[in-house]
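Colleague: A structural model of the following input is requested.
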Amino acid sequence: METLIEGLRGIVGAAHVLTGEDAGAFGREWTGHYHWTPLCVVRPGSVDEVAAVLRLANDTATPVVPVGGNTGLNGGTYAEGALMLSLARLNRVRELNTEARTVTAEAGVVLEVLQGLAADHGLMFPLTFGAKGSAMVGGFLSTNAGGSNVVRYGVTRALCLGLEAVLADGRVLNLLTGLHKDNTGYDLRDLLIGAEGTLGVITAAVFRLAPAPVAHATALLGMETLPEALRLLHEIQAGTGGAVEAFELMPRSYMERLARHKPDLACPFPPQPVNIMVETATTVAGEDPAARLEEILGAALERGAVSEAVIAANEAQRRKLWEMRESAAEITFTEPHLVDTDVALPLDRLEPFLTRMTARLATLDPEASELIVAHLGDGNIHYTAYPARHDAETMAAIRAAISAEAVALGGTFSAEHGVGISKRKTMAAHKDPVALEVMRAIKAALDPKGILNPGKVLP
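Modeller: Below is the predicted model of the structure:
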């Protein structure tokens, strides 16, 4: 071990190889569910240093776990006895091309920094979620993160044009292209995105940027049913030319929990069974998206589909509505015993899933409670169960039930948080077996010694 540590110090400098207590801060995941003791934490400052570290790790068969902001939820950075490769020092924006509307950023660039830089140039990097102040490029690429703007702009994969990655043996794979079309064989970029660091270490990427909206219209609505909410989504999409940027579900139970933990963010009206935060935006100067949204909502109020409506009158009110939604993770992980999931379903299967899951949870643990929040516009539900019984068997049964119900209705058990450790058994139960065979073959080809984030994703 000491020989390895000395070799690593020779590559990145002694100050950037952390061991013992100095590495302690890297020994847990944000949720608190997973704790470990890494062999060491290495903080390279360049792609060449990443490559040299991986060559040494490959030669010595040392497991390597890449880490960015460490804001994952499924144990993807668990690294007991492994070399943790922190990409935080790779934090340079290599190029911002306003003509091509692209930005090239290294793996350690924080999402909020990327958003701010784009805004400074009258552009927008549309990926957004609650952990934007700490999540880094390498991490949100490796989990193919989604967030609240997927309904208009797509997930991370849709925003990435090219990337650079270091393979297990230290070779640098240069796919840094700003091309929108490049049909030259297998799409290795998409193979690495969402692979959670098991096939290569992403070190940089080229992202597409969008025109920055000049005006938003943001509202909080109270409704009775999900089918009515989805009907309203389609009406707003049609009535605004597809300008819906977010359509977020916060049911009554969510609003009640939010009020308990963050009274200053309490719902401005008596929470309804279905509460929706909707935001539209325009890039056309002089256009008033609020007027159009008010017109559509007025018709919905008149027919009784919407019972409560509050439209943000200024940026401060808009930000407060967003804070209500972006507090989800904070208010969810306030109890030590929970089963947190992120399933996705076709839009017309959302209500059947919730109905079936509520009933099934009651059979598994009659005293359990549930918390739901969702990116309703793209069918992604974050379903959390709080069991009254905390034994491992009950917890596993609840997780299995959530996944099984989602898959039975044509959905998926993993929408945007990755697989990590938590969902490996679910992968074995529900992933197509031929797909698993292909995935194992790809892993063996790119990482024959199995050093890259071992024990993750594949059953």
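Colleague: neighbours around residue 393, how many?
Modeller: By the other Cβ atoms under 10 Å criterion, the neighbourhood of residue 393 contains 8 residues. Backbone N, C-alpha and C define where each C-beta goes, glycine included.
Colleague: tell me the SS of it?
Modeller: Using DSSP: H, G, I helix; E, B strand; the rest coil, the three-state assignment for residue 393 comes out as helix.
Colleague: And it, how close does it get to residue 136?
Modeller: Taking Cβ to Cβ, to the nearest Å as the criterion, residue 393 is separated from residue 136 by 36 Å.
Colleague: care to break the chain down by domain?
Modeller: 2-86, 93-211, 215-329, 337-418+429-440 (automatic domain parsing).
Colleague: Now do the same for the shortest one: mean pLDDT, whole number.
Modeller: Taken as a whole, domain 2-86 has an average pLDDT of 95.
Colleague: ok, now the third one?
Modeller: Model confidence over domain 215-329, given as mean pLDDT, is 97.
Colleague: ok, now the second one?
Modeller: Summarised as a single mean, pLDDT over domain 93-211 is 97.
Colleague: on that earlier part again, distance to residue 449 for the domains of the chain - can I get that in JSON lines?
Modeller: Listed next are these as JSON lines, based on distance: least, Cβ to Cβ, whole Å:
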{"stretch": "domain 2-86", "distance to residue 449": "5"}
{"stretch": "domain 93-211", "distance to residue 449": "7"}
{"stretch": "domain 215-329", "distance to residue 449": "35"}
{"stretch": "domain 337-418+429-440", "distance to residue 449": "14"}
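Colleague: Out of the ones you listed, flag the one nearest residue 454.
Modeller: Ranking those by distance to residue 454, with Cβ to Cβ as the measure, places domain 2-86 first at 5.0 Å.
Colleague: Quote the end-to-end distance of the closest one.
Modeller: End-to-end distance of domain 2-86: 20 Å, with Cα to Cα, to the nearest Å as the criterion.
Colleague: Check stretch 216-235 too.
Modeller: Using Cα to Cα, one end of stretch 216-235 lies 18 Å from the other.
Colleague: ok, now stretch 204-218?
Modeller: Taking Cα to Cα as the measure, stretch 204-218 stretches 34 Å from start to finish.
Colleague: Mind listing what's buried along that stretch?
Modeller: When neighbours are counted by 16 or more other Cβ atoms under 10 Å, the buried residues of stretch 204-218 are found to be 204-210, 212-213, 216-218.
Colleague: Stretch 142-161 now?
Modeller: For stretch 142-161, the buried set under the neighbour-count rule, 16+ other Cβ under 10 Å, comprises 142-153, 155-156, 159-161.
Colleague: for the stretch 351-459 of the chain, what spans make up the helices?
Modeller: 392-408, 424-430, 433-446 (DSSP state H, counting those that start in this stretch).
Colleague: Which stretch among those is buried most, on average?
Modeller: When you average the neighbours per residue for each of those (mean count of other Cβ atoms under 10 Å), helix 392-408 leads with a mean of 18.
Colleague: residues in contact with that helix?
Modeller: Among residues not part of helix 392-408, those counted as contacts by Cβ atoms under 8 Å, 6 or more residues apart in numbering are 337, 339, 341, 343-345, 353, 356-357, 360-361, 364-365, 368, 383, 385, 387, 412-413, 422-423, 425-426, 429-430.
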